[in-house]
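J.: give me coordinates for this.
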Amino acid sequence: MWLIGVLLAMMAGPVVFESGEDRATLVELYTSEGCSSCPPAEESLAGLRRDPGLWSEVVPVAFHVNYWDDLGWPDRFASPAFAQRQRNYAARWRAETIYTPAFVSNGREGLVVLPSAREGRLRATVDPSGRIAITFRAAGKVPGPLVAEIAPLANDIAVDVRRGENAGRKLAHEFVALALLSVPHEPHEPHEGEFTAAVDLPRKTPAPISSVAVWVHAAGDPAPIQATGGWLPK
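T.: Okay, here's the model as predicted:
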């Protein structure tokens, strides 16, 4: 386990990530080291590191699910909570099964290009203590209370897989979710204005946190209204 304090102690001061007014696209990939068809999808997600719109136009997150672990290779990044998140999406779509690899774009199944929309500015500030403060200034009215979600991410990961469908392969991972934190996001006014939330990043993670993804959505609807993120200092 990595201690976040070791990383954040090197920060000279707070690190700030901020979206523009137009909606960014949160791209989620549901994947597993036990799935032989997942590496090409992960390569596609990794390609976003070279995208000039990374963090400003597109915010990538790879959620490793645990339902492949029983086939002989336990994925150390897999979480039952991530698999449940995928099941929740499937229930909304009235899908009978879940599968990997699976992409979700702003709450919609697949890699979907959505029309731009002016949603407001989302700002996330990470201080050296590991506290992340979130502010969302909506461009217009918002449908009731919001939820802020924060995913600390690992990058530049290489894993030698010894068993399962990918036995003998060295897998590369980017934008790997190490946890998922959900925080109620209460408005200062009933349906418009500024929304704030704050939470501590996890102290122990299975790999170093190198970047963070943040998004907000309406309570009861997981489709993001706005997203942002960025790299933490090395």
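J.: which residues does the residue nearest the centre of the chain contact?
T.: Among the residues of the chain, the one closest to the centroid is residue 61, at 3.9 Å (C-alpha atoms, centre = their mean). Residue 61 makes contact with 26-29, 151, 153, 175, 177, 213, according to C-beta atoms under 8 Å, 6 or more residues apart in numbering. Any C-beta I mention is one placed from the backbone N, CA and C, and that applies to glycine too.
J.: show me what it is bridged to.
T.: In this entry, residue 61 is beta-bridged to residue 28, by DSSP bridges.
J.: how far away is it from residue 151?
T.: Shown here: residue 61 relative to residue 151, a distance of 5 Å by C-beta to C-beta, to the nearest Å.
J.: need the overlap of contacts for those two.
T.: 177, 213.
J.: any idea of the pLDDT on the residue nearest to the centre of the chain?
T.: Per-residue pLDDT puts residue 61 at 98.
J.: buried subset of the contacts of residue 61 as a ChimeraX selection?
T.: To isolate the buried members of these in ChimeraX, using 16 or more other C-beta atoms under 10 Å:
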select :26,27,28,29,151,153,175,177,213
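J.: in JSON lines: the contacts of residue 61, plus pLDDT and distance to residue 137.
T.: Compiled in JSON lines, those are given as follows (pLDDT from 0 to 100; distance: C-beta to C-beta, whole Å):
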{"residue": "26", "pLDDT": "97", "distance to residue 137": "18"}
{"residue": "27", "pLDDT": "98", "distance to residue 137": "24"}
{"residue": "28", "pLDDT": "98", "distance to residue 137": "24"}
{"residue": "29", "pLDDT": "98", "distance to residue 137": "29"}
{"residue": "151", "pLDDT": "98", "distance to residue 137": "22"}
{"residue": "153", "pLDDT": "98", "distance to residue 137": "24"}
{"residue": "175", "pLDDT": "98", "distance to residue 137": "26"}
{"residue": "177", "pLDDT": "98", "distance to residue 137": "26"}
{"residue": "213", "pLDDT": "98", "distance to residue 137": "19"}
